[in-house]
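Peer 1: what shape does this take:
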Amino acid sequence: MKLLIYLILFIILMQISNGILINEIMANPIADESLNEWIEIYNDENNDINVSGWIIGDDKDNDTIEGGLYNKEGTIIPAFGFAIITDEATRVYNNFNVSQDAIRLYVDDGAIGNGLSNNGETIYLYDNNGNLIDKKTYNKTTEDLSWAFVNTTLLKSNPSPGFVNDESIITEQGCDYAVEFILAKTVFDNSSDFSFKIRISKVSGQKTNFTSRAKIEDLNGKLIREYKPFTNQSITKQRTSTRYTPNLEEGKSFFMDSNITVQCNDTNTKNDFDKRIITIKGKPLREDSSIDIEKVFDLGTDKKAKFGQIIRIKLNAYKGNTNKKSIAVWIEDDKRNKLSKQSKINLELKYTNYSLTLPVQIKPNCDEKFDNDDYTIIARGLDSEDEEEVEIEDLTDSMCEVKIVEEKKFSSKKFKFDIQDFNENIEVGKKFNTKIMLDNNNDVDIPIKVWSYVYRGSKSYSGDREENKKEFILKANSLNVVELENMVEDAEPGNYKFKVLVNKNNQKTNNQITKDVVINNKLNKNNVKSEEIIDNNENLITANNVLMNNYGLVYESTTEKAKSLVPIFLIILSILINVVLIWRR
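Peer 2: Next up is the predicted model:
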């Protein structure tokens, strides 16, 4: 009987003194769980232990422990030493305060086991012979708290990777932390005059980890800036962030909002938030609108355009205090006869500067109706107007013949589209716009769908592939410009593809144009203001713009004009026939 008791005690002692223990489990970090999960193991013996080839896992999957990936420490855990196990693409050492003495281990997989569950599970540790060395079962987790092994029990704890667990255990003692903005004033003369800091204070209670966030919104609730000054940090009494200078748009007011979350029993939640309203005055806004023709693109080396050519007109426009939206551009002679289709665009926001480039289709001169001469580019709208002369040359007979052949070849269903303005360099988190020219030379209206996205391989990096799809009716014999907006929220720097797709008449096959783009992951500080203008404009060309205000006339072709003369011609012919019949009587 004594022998049996001794044998049982021996087995128990072997289980208690395993050498290596599972000492702490972080299963529910704040963000990127698979990249920030970790398990701490501890060597409770007075001799070194090599864990190379050991197995760590859960009920669904096991992984082999390896070492040497970080600073070549290897897999030997010294006596009474700690080791941290992560996945092979970990961010733990960037986001947690890990002891410099802890051995850095990793598993040969993208996650530990099947990924550490937030609802609790059992973690198993085996040696390289398959013997179970230790196992720990933890319960449902709390975000940013670990389960630490203290006095034979797993307890919720502030994360302490590589350190002794006793001082990090969460108790029921209350605490009170406060957050506040540090501002010189609430009304600022200009954007460069505005800056702020965020201060966190421990009012009372125990020391604990805290996380603070802040944001700036416009008065319509649109997010302008977002800040993460503190993540999983602790203080003795008080801590202040770096100074932020967001360079906000002048002439507007903004909401500022900050908050703090703590890992203790917060006895006063009223000071966990701070809200302010600030105003950036800037220069007085102009009431009158203006249009300026800045440049004409696509001219030859002789600075002349050709009949039948598409040229691009760059405009600088300012919309002041007016309810009018539309700007139109065309070419005419000194008798106000139009030499081109009319291109239109709608501008929605008041007190806003716009930089626009619109295509203008010059009519062919095959009937020699127009002379080689100087003609006038007209830009008109928003109660403003600008003009600029351009010299246009006649087409040769051969060019007209080619034009006729091409029109017969493509029939009456001819449809063109092209990218007019395009960004080859894209910044992560910054919206960019692309202008698409759509030219309908058909005699019927065409249903159009157009969208765009950034991709590499099978993955889209600018949200859902059809996220910015626009649908509208493109009127017969009209030309229109659509502006699409995309933003890459998260992507590694490098080369990608940008695709624009157009579907007409609900056909099964889409037309498409693909461009090469380069993604950068840092915003250019000098471009912040232009980004805000883009953000505020959202999309310069809306569906209402594309429909041209209930299908207002964009361009009236020669064919359409001829159709309108048919009834008059029939009336005159009828009168002549009646006159002849009466005369014969």
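Peer 1: which stretches of the protein have low pLDDT?
Peer 2: Applying pLDDT under 70 to the chain flags residues 1-18, 68-73, 167-168, 170-174, 394-413, 522-564, 566, 584-585.
Peer 1: name the nearest residue to Asn321, ignoring sequence neighbours.
Peer 2: Once flanking residues are discounted, Asn321 sits nearest to Glu287: 4.6 Å by CB to CB, 6 or more residues apart in numbering. Every residue, glycine included, has its C-beta placed from N, CA and C.
Peer 1: look at that neighbour and say how many residues are nearby.
Peer 2: 10 (other CB atoms under 10 Å).
Peer 1: now Trp583
Peer 2: For Trp583, the neighbour count with other CB under 10 Å is 7.
Peer 1: part of a strand, is the residue nearest to Asn321?
Peer 2: No: remark: Glu287 does not belong to a strand; assigned using DSSP: H, G, I helix; E, B strand; the rest coil, it is coil.
Peer 1: got the phi and psi for Phe422?
Peer 2: Phe422 adopts backbone torsions of phi -150, psi 140, taken as degrees, to the nearest 10.
Peer 1: isn't it right up against Ile436?
Peer 2: No: in this structure, Phe422 is not within contact of Ile436 by CB atoms under 8 Å, at 9.5 Å.
Peer 1: these two: which is more packed in?
Peer 2: When Phe422 and Ile436 are compared for neighbours, Ile436 comes out ahead with 24 against 16, by other CB under 10 Å.
Peer 1: that one pairs with what?
Peer 2: Counting by DSSP bridges, Ile436 forms beta bridges with Ile419, Val482.
Peer 1: ok, which stretches of this protein are helices?
Peer 2: 2-16, 33-36, 92-95, 397-410, 528-537, 543-546, 548-551, 558-584 (DSSP state H).
Peer 1: distance of the residue nearest to Asn321 from Leu349?
Peer 2: To Leu349, Glu287 is 15 Å away according to CB to CB, to the nearest Å.
Peer 1: how about Val450?
Peer 2: Val450 sits at a distance of 23 Å from Leu349 (criterion: CB to CB).
Peer 1: so the two - more neighbours on which side?
Peer 2: Val450 (23 against 14).
Peer 1: so who does the more buried one touch?
Peer 2: 417, 436, 438, 469-470, 482, 484, 500-503 (CB atoms under 8 Å, 6 or more residues apart in numbering).
Peer 1: so which of these sit within strands?
Peer 2: Counting by DSSP state E, these place 417, 436, 438, 470, 482, 484, 500-503 in strands.
Peer 1: mind picking the two most distant members of those?
Peer 2: The most widely separated members of these are Leu484 and Asn503, with 13.9 Å between them, by CB to CB.
Peer 1: which residues touch stretch 151-162?
Peer 2: Outside stretch 151-162, the residues that reach it (CB under 8 Å, 6+ apart) are 24-26, 38, 40, 82, 84, 92, 96-102, 136-139, 142, 144-148, 150, 165, 167-170, 208-209, 232, 234, 263.
Peer 1: drop anything exposed from those.
Peer 2: Using 16 or more other CB atoms under 10 Å as the burial test, the contacts of stretch 151-162 include 24-26, 38, 40, 82, 84, 92, 96, 98, 102, 136, 138, 144-148, 165, 168, 170, 208-209, 232, 234, 263 as buried.
Peer 1: now, those that are in strands?
Peer 2: Of the positions in the buried ones among the contacts of stretch 151-162, 24-26, 38, 40, 82, 84, 136, 138, 146-148, 209, 232, 234 sit in strands, assigned by DSSP E.
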